[in-house]
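Chemist: Model the structure of this input:
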Amino acid sequence: MSSHSFSPISSNLNPDKMSQSKIKIVVAVTGASGSIYAKLLLERLSVLSEHIDEIGLVLSDNAKTVWNHELGKDPVIPEGVKVFGKNDFYAPFASGSAKYTCMIIAPCSMGTMARIASGMSNDLITRAADVILKERRKLILVTRDTPLSLIHINNMKTITEAGGIICPASPSFYSNPKNIEEAVMTVINRVIDLAGIENPSYRWGN
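Modeler: Residues are numbered from 1 along each chain as shown. You can find the predicted model right below:
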C-alpha cells in the first residue's frame, strides 16, 4: 500500500460524483489514547476502497501528538484519503449537502464526545458530527477511556438518543487474536460492519 506523510489540504467547492453503490465516509482522529485504532481503520478502509466513494480525514492537534508518542512517528495517511485541517469549515462534510453517509471518530476522546453531545461545533470534527446527526446519518464514536464518570455516561446517552452509535474500543477475544494488532482489528472490523461496508472478517459460528 502506498502512502504519504500527513499534510492538510484545502478543500474546494466543486461537486463530487457519488456512486449509488459506494459511500462517503468522514474519519476523525482525536487526542484520546489509541492511535493504533485510527491507523488500522484507515489501512482497512483503504483495502476496502471498492466500496467507498471518498474518505475525508481530519485530525485534532492532540491526535497528532498522541500518534507520534504511541506509534513513534507522524501519521501516515493511505493514498487517496483527503486530509482537511481542523478549522477548515469549507470541507465538504461541514455541510449536509455533501451527502457523506457516515462519520467515524476513532479514537474519540471524552472531551470531543462532550462537545458533540452539547452541540458545540467549535471545529471541523464537532461540526461534521453535528451535520451527520442532524441529517440522520450514521455517527460512530470509538470511545477509549476507563473508568467512566456519570458525565461520560450521560453524554453517551445523549448522543445515542440523537441517533449516534457508541462503540467502545473494547477488543473481543473469541477469534483468538495473536497480537495487539489482531486484537485491535476485532474493534475495527465491528466499526466497519456498523458503517455498512462489506468486510470479510472473522464471524462467530463460521
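
Chemist: Give me the longest helix you can find in this structure.
Modeler: With secondary structure taken from DSSP state H, the chain has its longest helix at helix 180-195.

Chemist: Buried ones in it, by neighbour count?
Modeler: Using 16 or more other CB atoms under 10 Å as the test for burial, helix 180-195 gives 184, 185, 186, 187, 188, 189, 190, 191, 192, 195. (Glycine included, C-beta is placed from N, CA and C.)

Chemist: which residues of this protein score low on pLDDT?
Modeler: 1-21 (pLDDT under 70).

Chemist: Quick one: the strands in it, in order.
Modeler: 3-5, 23-29, 52-59, 76-78, 82-84, 102-108, 138-143, 165-166 (DSSP state E).

Chemist: Which one of those strands lies nearest to residue 173?
Modeler: Set against residue 173 and scored by CB to CB, the strands of the chain come closest in strand 138-143, at 17.9 Å.

Chemist: hmm, back to that, convert the C-alpha atoms of the longest helix of the chain to PDB, please.
Modeler: C-alpha atoms of helix 180-195 as PDB (Å, rounded to 0.1, in the frame of the first residue of the first chain):
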ATOM      1  CA  ILE A 180      -2.100  -6.300  19.700                       C
ATOM      2  CA  GLU A 181      -2.900  -5.500  16.100                       C
ATOM      3  CA  GLU A 182      -5.200  -8.500  15.700                       C
ATOM      4  CA  ALA A 183      -7.000  -7.600  19.000                       C
ATOM      5  CA  VAL A 184      -7.500  -4.000  17.800                       C
ATOM      6  CA  MET A 185      -8.800  -5.300  14.500                       C
ATOM      7  CA  THR A 186     -11.700  -7.000  16.300                       C
ATOM      8  CA  VAL A 187     -12.900  -3.500  17.100                       C
ATOM      9  CA  ILE A 188     -12.100  -2.100  13.700                       C
ATOM     10  CA  ASN A 189     -14.000  -4.900  11.900                       C
ATOM     11  CA  ARG A 190     -17.000  -4.200  14.100                       C
ATOM     12  CA  VAL A 191     -16.900  -0.500  13.300                       C
ATOM     13  CA  ILE A 192     -16.700  -1.200   9.600                       C
ATOM     14  CA  ASP A 193     -19.700  -3.500   9.900                       C
ATOM     15  CA  LEU A 194     -21.600  -0.700  11.700                       C
ATOM     16  CA  ALA A 195     -20.700   1.700   8.800                       C
END
